[in-house]
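S.K.: predicted model and sequence follow; I will ask about them next.
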Amino acid sequence: MAETSVFSKIRAGEIPGEILHETDRVFVLKDIAPKAPVHLLVIPKTEQYRTVVELAAGDPSLLAEVVAVANKVAAANSDGDFRLIFNTGEGAGQTVFHVHAHVLAGGLTEGSLGDG
Ligand code: 5GP
């Protein structure tokens, strides 16, 4: 059985973290090392899916919920415009293999995709 992810540990209260929003199936965590004025992570509660590719194949409705919640928290925490990023694989910078969407918002500059 895989080790419990850092995100699940935060959700369980085992390590500190700021959870801003929750639905039956996903939760939203403030990123500890923000790359934009608003940097949130939308995370399925299940650890079953390691990447967005696995999530899309295994539970498309859960992926749709991740996107809908991203939209909601971007609207609540910024002007509603946001960048949605799923790092997929170590070579793309993925470090936590419990699928999560990065929501970046607030003061984004056009053309900054890939800068970080
Ligand atoms: P990845 O690199 O897998 O796409 O994204 C993992 C994200 O989780 C990173 O942006 C990183 O800053 C964030 N992260 C890692 N450990 C913690 C933690 O303990 N608390 C919080 N709030 N975020 C974390």
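M.R.: Sure thing, it's come through.
S.K.: quick check: bridge partners of Lys30?
M.R.: Leu40 (DSSP bridges).
S.K.: OK, contacts around it?
M.R.: 17-18, 20, 39-41 (Cβ atoms under 8 Å, 6 or more residues apart in numbering). Bear in mind the C-beta positions are built from the backbone N, C-alpha and C, glycine included.
S.K.: so which of those is the most crowded?
M.R.: Leu40 (28 neighbours; other Cβ atoms under 10 Å).
S.K.: confirm for me that it is in contact with Glu18.
M.R.: No. Using Cβ atoms under 8 Å, Leu40 is not in contact with Glu18; the gap is 9.5 Å.
S.K.: one step back: report the two of the contacts of Lys30 separated the most.
M.R.: Greatest spatial distance in the contacts of Lys30: Gly17 and His39, 13.2 Å, computed using Cβ to Cβ.
S.K.: quick revisit: between the contacts of Lys30, which sits nearest Phe82?
M.R.: Distance to Phe82 across the contacts of Lys30 (Cβ to Cβ) is lowest for Leu40, with 8.9 Å.
S.K.: quick check, pLDDT for that closest one.
M.R.: Leu40 carries a pLDDT value of 98.
S.K.: list the contacts of it.
M.R.: Leu40 is in contact with 20, 28-31, 70, 73-74, 77, 102-103, counting by Cβ under 8 Å, 6+ apart.
S.K.: how about a cut-off of 10 Å?
M.R.: Counting by Cβ atoms under 10 Å, 6 or more residues apart in numbering, Leu40 touches 18, 20-21, 28-31, 34, 69-70, 73-74, 76-78, 82, 100-105.
S.K.: pull the strand or helix carrying Phe7 out as CSV, backbone CA atoms only.
M.R.: Here Phe7 sits within helix 6-11, counting by DSSP states H and E. Taking Å, rounded to 0.1, in the frame of the first residue of the first chain, the C-alpha atoms of helix 6-11 are listed here in CSV:
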residue,chain,number,x,y,z
VAL,A,6,1.5,15.0,2.4
PHE,A,7,-1.9,16.4,1.3
SER,A,8,-3.8,13.6,3.0
LYS,A,9,-1.7,14.2,6.1
ILE,A,10,-2.7,17.9,6.1
ARG,A,11,-6.3,17.0,5.6
